[in-house]
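The sequence and its predicted three-dimensional model are supplied below.
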Amino acid sequence: MPAAGLTDALSSAAGYALNEKADATRRAYRSDLRQFHTWCESVKADALPAQPGTVAGYLATLADSGLKVSSITRRAAAIAYAHKMNGFESPINESVNAIMRGIRRKLGTARKGKAPATAAVVAKLTRKMPDTLAGKRDRALILIGFAAALRRSELVALNISDVERTDSGVLLHIRRSKTDQDGAGAVIAVPDGQKLKPVAALDAWLMAAGIANGFVDPDGALFRSIDKAGGLGGRLTGQSVALIVKRWAKAARVDPTLFSGHSLRSGFVTSALEDGVDVFKVMDVTRHRAVATLREYDRRAKAFKDHAGKGFL
């Protein structure tokens, strides 16, 4: 048995190893592995360590059931990761990879993306919001999420102390994100604005909620739940963002099924490119690392500009 000091050190090391993956990834992997274990029990096969043939059969079963390629790919990754963390050789060998290639080819990998909530759409959504506490919160949430091109996880992770005031707007301190798991952080500028006025909406929410100027819980969540009595609750979740966007899309008579929490981020990109903003300026806000990532947004934004059939259709 290792000495007490070594035991503590090994326990600490295990904790750091778990932090290799984002919280959302670990939750998804746990769910994926539970389902893999259940399937293995049903076919009387070992789940850990698993044989390549077992994994191949499982992935084929998932494909036959109609599961999306992206979900199947993640489940394979979860199985490989579980083996790695437990000191076993990954069962995802070349034969299993060949099956995955076949699944991708047969089922296709086209992404069914949601529609971008462009500036015009965001304006429609916010016009329908009442001047209530919940209405002020939702207006601020949508406008800040749009203006800073935030992922929904980044939006709900904001604390009051992450908002820095300047003469021209606010600076949002993003402590961690999907592409910044090491926590290097980023600072995103949100101008006061002349049309949508995101900073004014944020100030209205903070004042109405009684958390303006950090008087209450300065390191607490910026966007919080509200109970039926109007009391503030805990931090909103990423799913809350999606539901809020859909709720106000429906109120504005825009098909809510077209939008998600990511629509705010993609809507900023689309609106900026439609407005002729330099792609590198857009990347300053979105923090995309490669221009190629924005190519699809640019293609959509300029779909009708100088169209090949413009002169004869």
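Perfect, I can see it now. Residues are numbered from 1 along each chain as shown.

Going by C-alpha atoms from here, please, whenever you check contacts or count neighbours.
Will do.

Show me the strands in the stretch 51-200 of the chain, by range?
Using DSSP state E, counting those that start in this stretch, the strands of the stretch 51-200 of the chain run over residues 163-165, 169-174, 186-191.

The ones you listed: which one's closest to Gly309?
strand 186-191 (38.6 Å; CA to CA).

pLDDT of the top helix by length along the chain, averaged?
When the chain is parsed with DSSP state H, its longest helix is helix 23-42. Taken as a whole, helix 23-42 carries a mean pLDDT of 87.

In CSV, list the C-alpha atoms belonging to it.
The C-alpha coordinates for helix 23-42 follow below in CSV (Å, rounded to 0.1, in the frame of the first residue of the first chain):
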residue,chain,number,x,y,z
ASP,A,23,-17.8,19.4,-17.4
ALA,A,24,-20.3,19.1,-20.3
THR,A,25,-18.1,16.5,-22.0
ARG,A,26,-17.7,14.4,-18.8
ARG,A,27,-21.4,14.5,-18.3
ALA,A,28,-22.0,13.3,-21.9
TYR,A,29,-19.4,10.6,-21.6
ARG,A,30,-20.9,9.3,-18.3
SER,A,31,-24.3,9.0,-20.0
ASP,A,32,-22.8,7.4,-23.1
LEU,A,33,-20.9,4.8,-21.0
ARG,A,34,-24.0,3.9,-18.9
GLN,A,35,-25.8,3.1,-22.1
PHE,A,36,-22.9,1.1,-23.4
HIS,A,37,-22.7,-0.9,-20.2
THR,A,38,-26.5,-1.6,-20.4
TRP,A,39,-26.1,-2.8,-24.0
CYS,A,40,-23.2,-5.0,-23.1
GLU,A,41,-25.1,-6.6,-20.3
SER,A,42,-28.0,-7.3,-22.7
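
In JSON lines: the strands of the stretch 51-200 of the chain, plus distance to Thr54 and mean pLDDT.
Shown next, in JSON lines, are the strands of the stretch 51-200 of the chain (distance: least, CA to CA, whole Å; pLDDT from 0 to 100):
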{"stretch": "strand 163-165", "distance to Thr54": "51", "mean pLDDT": "92"}
{"stretch": "strand 169-174", "distance to Thr54": "42", "mean pLDDT": "92"}
{"stretch": "strand 186-191", "distance to Thr54": "43", "mean pLDDT": "91"}
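
Minimum distance to Thr25: which of the ones you listed has it?
strand 169-174 (19.3 Å).

neighbouring strands for that closest one, and are they parallel or not?
strand 163-165 (antiparallel), strand 186-191 (antiparallel) (DSSP bridges).

Format those strands as a markdown table; extra columns: mean neighbour count.
Converted to a markdown table, the strands paired with strand 169-174 look like this (neighbours: other CA atoms under 10 Å):
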| stretch | mean neighbour count |
| --- | --- |
| strand 163-165 | 14 |
| strand 186-191 | 18 |
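
To Ala78, which of the ones you listed lies closest?
Among the strands paired with strand 169-174, strand 186-191 comes nearest to Ala78, with 29.2 Å by CA to CA.

Now do the helices in the stretch 201-313 of the chain.
In the stretch 201-313 of the chain, the helices defined using DSSP state H, counting those that start in this stretch lie at 238-251, 263-274, 279-286, 295-301.

what does the longest helix of the chain contact?
With CA atoms under 8 Å, 6 or more residues apart in numbering as the test, helix 23-42 has contacts from 46-47, 54, 58, 74-75, 78-79.

Which two among the residues you listed are spaced furthest apart?
Farthest apart among the contacts of helix 23-42 by CA to CA are Asp46 and Arg74. That separation is 19.8 Å.

What pLDDT is listed against Gly183?
Looking at Gly183, its pLDDT reads 57.

again with Gly102
For Gly102, the predicted pLDDT is 91.

what does Pro2 give?
Value listed for Pro2 in the pLDDT field: 50.

on that earlier part again, looking at the strands paired with strand 169-174, which is closest to Lys128?
Of all those, strand 186-191 sits nearest to Lys128, with 22.8 Å by CA to CA.

coming back round to it: JSON lines for the strands of the stretch 51-200 of the chain, including distance to Ala251?
Formatted as JSON lines, these follow (distance: least, CA to CA, whole Å):
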{"stretch": "strand 163-165", "distance to Ala251": "30"}
{"stretch": "strand 169-174", "distance to Ala251": "29"}
{"stretch": "strand 186-191", "distance to Ala251": "26"}
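
Among these, which comes closest to Leu125?
Of all the strands of the stretch 51-200 of the chain, strand 186-191 comes closest under CA to CA, at 19.4 Å.

any idea of the angle that closest one forms with helix 279-286?
110 degrees (axes from the mean of the first three to the mean of the last three CA atoms, to 10 degrees).

Alpha carbons only: can I get stretch 296-313 in PDB?
Written as PDB, here are the backbone C-alpha positions of stretch 296-313 (Å, rounded to 0.1, in the frame of the first residue of the first chain):
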ATOM      1  CA  GLU A 296     -20.200  28.800 -44.100                       C
ATOM      2  CA  TYR A 297     -21.500  31.900 -42.400                       C
ATOM      3  CA  ASP A 298     -20.100  34.100 -45.100                       C
ATOM      4  CA  ARG A 299     -21.600  31.900 -47.800                       C
ATOM      5  CA  ARG A 300     -25.000  32.200 -46.200                       C
ATOM      6  CA  ALA A 301     -24.700  36.000 -45.600                       C
ATOM      7  CA  LYS A 302     -23.800  36.600 -49.200                       C
ATOM      8  CA  ALA A 303     -25.900  34.000 -50.800                       C
ATOM      9  CA  PHE A 304     -27.800  36.400 -53.000                       C
ATOM     10  CA  LYS A 305     -25.000  38.900 -53.700                       C
ATOM     11  CA  ASP A 306     -23.900  38.700 -57.300                       C
ATOM     12  CA  HIS A 307     -25.900  35.500 -57.700                       C
ATOM     13  CA  ALA A 308     -25.100  33.600 -60.900                       C
ATOM     14  CA  GLY A 309     -28.700  33.800 -62.000                       C
ATOM     15  CA  LYS A 310     -29.200  37.400 -61.100                       C
ATOM     16  CA  GLY A 311     -29.400  38.600 -64.700                       C
ATOM     17  CA  PHE A 312     -31.900  36.100 -66.000                       C
ATOM     18  CA  LEU A 313     -34.000  34.700 -63.200                       C
END
